[in-house]
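J.: Need coordinates for the below:
(chains A and B)
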Amino acid sequence: MSLEPFAASRPLSLGVELELQIVNTHDYDLAPVAADLMRLLRKTRLPGEVKPEITSSMIEMATGICASHAQVLAELRAIRDALVHAARRLDVGLCGGGTHPFQDWSRRRIYDTPRFHQVAELYGYLSKQFTIFGQHVHIGCPNADEALVLLHGMSRFIPHLIALAASSPFVQNTDTGFNSARLNSVFAFPLSGRAPFALTWQEFQVYFAKMTRTGVVASMKDFYWDIRPKPEFGTIEVRVLDTPLTVEKAAALAGYIQCLARWLREESPFVLTEDDYLPYTFNRFQACRFGLDGTYVDPGTGEHRTLRDEIVRTFELLAPHAAMLEAEPAIALLREELAHLGNDAGWIRAQHAREHLLPEVVRQQTLRWSGEFGRRPTPSDAPADHGRGPAKM
Amino acid sequence: MNWRAIFEALPVTGWPPPEPVFWFALLLVGGALAGELIQRMSRLPRVVGYTVVGVLAAASGYGARVPLTGSSRLVVDLALALLLFEIGSRVHLNWLRFNPALLASSLAESLCGAAAIFFALRELGIGTTDAMACAVLALPASAALAGRVAHELQADGQVTERLTLLTALNTLYGALALVVLQAALHAGGGLSSVDALSALARSFFGSLLLAAVLAAVVAAAARRLDLRNESAVLLVLGLVLLALGTARMFGLSTLLVPLLAGVTLRCSTERPWIWPRHFGTAGGILVLMLFVVVGSAWSPALLASGGLAALLLVGARLLGKGFGVWAFASWSGASQRQGLALAIGLTPLSATALVMLADLHMGAPALAARVTPIVLAAIAVLELAGPIAVRAALVFAGELPLRQKKSAR
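T.: Just a heads-up that it's a prediction; the model follows:
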């Protein structure tokens, strides 16, 4: 299979995908009811779409093509409300978080589609350990070359994004010490990591042809890179974010990425070189392990700073772009969080320190997700019906 | 060492040993072995093995006497109390609020099941009161059995959850219906609705009160101790048994008290309650003995006299309950396949009916004696078919974990 042509898309348009956990309401372990949720939502019209994921206790929601942070937020809320309503009819909860804190991966079931079974066959237990939950953000690019330039510019900010979005401190009942333990699972895949340093589509095609000739890959889907081009959508896809605990945070992260993209595109603030990647894995590890307290090595100057300071610095740089994109509320939300608990991993640890019971922490995560933390739900919390059919980017 | 002297010193008083502990231990060993054997050979739940041991004991003339009395009643009461408390604690009443079709489905399967049994037995020429008693006793599907099988097979999904809810609710309806029936019999047919209601209210609110006390004490314990710890859970086990003893003392339903206590606990707070299933090993022994006793509660003579009516009862019940569940399946958000699986899963008839029969014996011995052959024969038919049906339902619904391919040794 050859590389498909890169479809042009509107620059800086946005699309968000979120992988969610489905949990029961008894002990808040994962519950295999994705197929039931899909069935209940079949007749609901949503602004984006809802899709099954590899194991039957995960579900993915995706917005359509959005122009702004506000639109992303509105669509995410609409889909979230529909999902939460359906989940209540099945007596299950939905929540964010990059990992489920105590699920037993050997008990997970592969969702019944040929592709998922094929992946499960190939990767064995890795595919079940892949019961992890991420947020993917697509940024539209007018052409393939611009997409690659944006991809390699954005790579410098992968640690920032990891630290801001990290929400997976617990795995298999244990505090891993990491802010994003989820990414450790991704790194186990043979084709994870970063994209090759190719700044033109022609170079990239040469690389892709070589890889397919080796038989190692058949399509772009086989690469689990931190950022990868998505030719059929005409986008680059940022894949390092843990699913946040709220749709508001998910929309804010998308808004932040959109601002970064505009800044990179409008100002070309640094020259891209292969050497940018020298501290890449170090920075990424620091972000996964220590979150906002991690050390960031500036690839350009070699300076060391904490990611917290680094991120605050980007807020200043992005301010004019946030104004142009009407993404100020997104930056404000992240800034506010940075001043308090920092990220969702911090929130999860704080709840655990108070409750000493991980199932209770997951229950509170479901309340964060449905937007009623501190409020009792009632059956009249039905979602509004949205007039637009599913859209693809 | 002089072994001979030691043996001679042992107070062996001949065969068969009169020690009840000996027989208890023999059943335990037999049940455990049969359970493992069944599980290895057939993938069926171990419960089938426990029941087989009971069936064999009954066939060789050592079955439990019905109505259950003495130690067999005690074992059944204790084990059932644990299982019902546990099942109650998984009943999320909020679910009914968000999905009212489930409540409709629950009422429909119970009403249709009871009505089908009543009319079928009337067709056979059985008296109104007897048919009514049979319909009430066969109303609950065995929550204990369905829960036990689902847990052992690690089932997970909507059918498993709905089965728990429906069996818990129809156990509740059954126990309450029995109270009304007893009140009616006591009034000699001239029962006013006031009498019925007051009997119902006394039994229900008495049980609820005791249940609430138990739930409150368990909740208080859970706040201070970690109930995931096997030693701490013994406290809860003790509390449930204490509540059961109190219920027996006050003549309250031994089914309602633990079930309502579980439900009250579950609804008292949204914070999850977590303890080892079946209260760990101690509870496991009781559960094993429960199924042995239930398996042994028949005799060839009873089977012969109640057989035909029992088969009719089983068939009518299956159709009635099945229709009730299936009719509301899609409104309640289940697929047709899941509706069918639920209908099959509601087949078992087991310890609950046996306890209700024993209760009926105390209030109305003549009537109880008349329906005993029918009910026991129905239990005998379903005690082995029941767990197999539950497993089949869960397989059909795709809720069992896929078995790993056996690796070459």
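J.: where's residue A:50 relative to chain B, distance?
T.: 15 Å (CB to the nearest CB, to the nearest Å). Every C-beta, even on glycine, is put in place using the N, C-alpha and C of the backbone.
J.: what about the residue of the stretch 301-409 of chain B found nearest chain A, how many residues close to it?
T.: Proximity of the stretch 301-409 of chain B to chain A (CB to the nearest CB) peaks at residue B:333, 4.7 Å away. The tally of other residues near residue B:333 (other CB atoms under 10 Å in any protein chain shown) stands at 20.
J.: Wait, a strand at it?
T.: No. Using DSSP: H, G, I helix; E, B strand; the rest coil, the assignment for residue B:333 is coil, not a strand.
J.: That one against residue A:38, yeah?
T.: No. Using CB atoms under 8 Å, residue B:333 is not in contact with residue A:38; the gap is 11.6 Å.
J.: Now for the residue of the stretch 301-409 of chain B closest to chain A: which residues touch it?
T.: Listed by CB atoms under 8 Å, 6 or more residues apart in numbering or on different chains, the contact set of residue B:333 reads A:36, A:39-40, A:86, A:89-90, B:99, B:101.
J.: Sitting in helices, which of the residues you listed do you find?
T.: Mapping those onto helices (DSSP state H) picks out A:36, A:39-40, A:86, A:89, B:101.
J.: Which single one of the residues you listed is nearest to residue A:22?
T.: residue A:36 (9.2 Å; CB to CB).
J.: Quick check: the closest one touching residue B:158?
T.: Yes. The pair residue A:36 / residue B:158 is scored as a contact, 5.3 Å apart, by CB under 8 Å.
J.: intersection of neighbour lists for the two?
T.: Contacts common to residue A:36 and residue B:158, judged by CB under 8 Å, 6+ apart, are A:90, B:334.
J.: Go through chain A and flag its longest strand.
T.: Counting residues, the longest strand found in chain A (DSSP state E) is strand A:14-24.
J.: what comes up buried for stretch A:198-210?
T.: For stretch A:198-210, the neighbour count (16 or more other CB atoms under 10 Å in any protein chain shown) marks A:198, A:201, A:204-205, A:208 as buried.
J.: Now flag whichever of those is closest to chain B.
T.: residue A:208 (35.3 Å).
J.: how about the closest one, what does it touch?
T.: Contact analysis of residue A:208 by CB under 8 Å, 6+ apart lists A:2-3, A:217, A:220.
J.: Provide the backbone phi and psi angles at it.
T.: Dihedral pair for residue A:208: phi -60, psi -40, per degrees, to the nearest 10.
J.: what pLDDT does it get?
T.: What the model reports as pLDDT for residue A:208 is 93.
J.: just residue A:376 next, same as before
T.: So, for residue A:376, pLDDT stands at 57.
J.: ditto for residue A:227
T.: For residue A:227, pLDDT reads 96.
J.: what sits against it?
T.: Residue A:227 touches A:151, A:154-155, A:158, A:194-195, A:236-240, counting by CB under 8 Å, 6+ apart.
J.: Which of the helices or strands spans the nearest residue to residue B:144 once chain neighbours are set aside?
T.: Spatially, and ignoring its direct neighbours in sequence, residue B:144 is nearest to residue B:83 (4.0 Å; CB to CB, 6 or more residues apart in numbering or on different chains). Per DSSP states H and E: residue B:83 is located in helix B:70-88.
J.: and what of residue B:369?
T.: helix B:365-396.
J.: Which strands or helices does that helix pack on?
T.: Contact partners of helix B:365-396 among helices and strands, from 3 or more CB pairs under 8 Å, 6 or more residues apart in numbering or on different chains; DSSP states H and E: helix B:46-59, helix B:128-137, helix B:143-152, helix B:158-186, helix B:280-295, helix B:300-328, helix B:336-345, helix B:351-363.
J.: Next, the angle from whichever helix or strand comes after the fourth one to helix B:158-186.
T.: In this case it means helix B:158-186. Where DSSP H and E defines the elements, the next helix or strand beyond helix B:158-186 is helix B:193-224. If you take axes from the mean of the first three to the mean of the last three CA atoms, to 10 degrees, helix B:193-224 sits at 140 degrees to helix B:158-186.
J.: what is the rounded mean pLDDT of helix B:193-224?
T.: 84.
J.: what residues does chain A put near chain B?
T.: By CB under 8 Å from any CB of the partner chain, the residues of chain A that approach chain B are A:24-28, A:31-33, A:36, A:39-40, A:86, A:88-91, A:107, A:109, A:112, A:357, A:359-360, A:363, A:379.
J.: of those, buried ones?
T.: For those, buried by 16+ other CB under 10 Å: A:24-28, A:31-33, A:36, A:39-40, A:86, A:88-91, A:107, A:109, A:357, A:359-360, A:363.
J.: looking at chain A, which helix or strand does the model trust least?
T.: helix A:125-129 (a mean of 69; mean pLDDT, DSSP states H and E).
J.: if we look at the very next helix or strand once past that helix, which residues are touching it?
T.: Counting by DSSP H and E, the next helix or strand C-terminal to helix A:125-129 is strand A:134-140. For strand A:134-140, contacts defined as CB under 8 Å, 6+ apart pick out A:9-19, A:65, A:98, A:150, A:165, A:182, A:186, A:230, A:233-244, A:250, A:253-254, A:257-258, A:261, A:393.
J.: ChimeraX command to pick out the buried ones of the residues you listed?
T.: Here is the ChimeraX command that picks out the buried ones among the contacts of strand A:134-140, judged by 16+ other CB under 10 Å:
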select /A:9,11,12,13,14,15,16,17,18,19,65,98,150,165,182,186,230,233,234,235,236,237,238,239,240,241,242,243,244,250,253,254,257,258,261,393
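J.: Tell me which of the contacts of strand A:134-140 fall in helices.
T.: A:150, A:165, A:182, A:186, A:250, A:253-254, A:257-258, A:261.
J.: element containing residue A:332, please.
T.: Short version, using DSSP H and E: residue A:332 is in helix A:328-339.
J.: tell me what the next helix or strand after that helix is packed against?
T.: Sequence-wise, the next helix or strand downstream of helix A:328-339 (DSSP H and E) is helix A:344-355. Here helix A:344-355 touches helix A:358-370, going by 3+ CB pairs under 8 Å, 6+ apart.
J.: From the chain's centroid, how far away is the helix it packs on?
T.: Counting by CA atoms, centre = their mean, to the nearest Å, helix A:358-370 is centred 19 Å from the centre of its parent chain.
J.: mind exporting it as PDB, just the C-alpha atoms?
T.: What follows is helix A:358-370, C-alpha atoms only, in PDB (Å, rounded to 0.1, in the frame of the first residue of the first chain):
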ATOM      1  CA  LEU A 358      -8.900   4.200  44.100                       C
ATOM      2  CA  PRO A 359     -12.500   3.200  43.200                       C
ATOM      3  CA  GLU A 360     -13.700   6.300  45.000                       C
ATOM      4  CA  VAL A 361     -11.200   8.400  43.000                       C
ATOM      5  CA  VAL A 362     -12.500   6.900  39.800                       C
ATOM      6  CA  ARG A 363     -16.000   7.700  40.900                       C
ATOM      7  CA  GLN A 364     -15.000  11.300  41.400                       C
ATOM      8  CA  GLN A 365     -13.400  11.300  37.900                       C
ATOM      9  CA  THR A 366     -16.800  10.300  36.500                       C
ATOM     10  CA  LEU A 367     -18.300  13.300  38.200                       C
ATOM     11  CA  ARG A 368     -15.600  15.600  36.800                       C
ATOM     12  CA  TRP A 369     -16.300  14.100  33.300                       C
ATOM     13  CA  SER A 370     -20.100  14.500  33.400                       C
END
